[in-house]
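*Asks:* Sequence first, then the predicted structure, then my questions.
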Amino acid sequence: MSSIEKSSEADAQAVPGAATVYVCITCRHPGQAEIEPRPGAILAAATAKAAEGTSVVIKPVRCLANCTRGLSAAVRCNGSWTYVFGGLDAACASALVDGARLLASAADGIMPWRERPQSLKRGLIARVPPMDFEEPE
């Protein structure tokens, strides 16, 4: 188990309902040659470091299927919408943590647009409703 996974598990146990950032560790920039470590793994490590001391949980995942707009990450919180972002780089690590904290504190389950870091405004790929979502009439 990697140090990212260990710290994420400890954070998840310490703060139930915390926002989670899933970072694709197999991501690379479109057209980039195969290199190790993968840029996605570098982003995951930077995001885990940026999340230290917060309630945000970082979970590395293998492929978010957003390869043409990598590097990719998804931000979710129970009862909230899930956000998928692309076009990221390691410099976006703090923005992902800030976005996760915004989502966790949003009463309506929607990450506020105005407060969102610029890289998350620019890199939004999709917003997915919560499992129990019903459109208001």
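*Replies:* The structure has been received and is ready for your questions. Residues are numbered from 1 along each chain as shown.

*Asks:* how about stretch 46-59: buried residues?
*Replies:* Within stretch 46-59, the residues that count as buried by 16 or more other Cβ atoms under 10 Å are 46, 47, 48, 50, 51, 54, 55, 56, 57, 58, 59. Glycine gets a C-beta too; all of them are placed from N, C-alpha and C.

*Asks:* Stretch 107-117: how far from the chain's middle?
*Replies:* Its chain's C-alpha centre and that of stretch 107-117 lie 14 Å apart, by Cα atoms, centre = their mean, to the nearest Å.

*Asks:* what's next to it, contact-wise?
*Replies:* Applying Cβ atoms under 8 Å, 6 or more residues apart in numbering, the contact partners of stretch 107-117 are 75, 77, 79-81, 83, 92, 94-95, 98-99, 102-103, 106, 120-121, 127, 130.

*Asks:* What would I type in PyMOL if I wanted to highlight the buried members of those residues and nothing else?
*Replies:* Buried members of the contacts of stretch 107-117, defined by 16+ other Cβ under 10 Å, are picked up in PyMOL with:
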select buried, resi 75+77+80+81+83+92+95+98+99+102+103+106+120
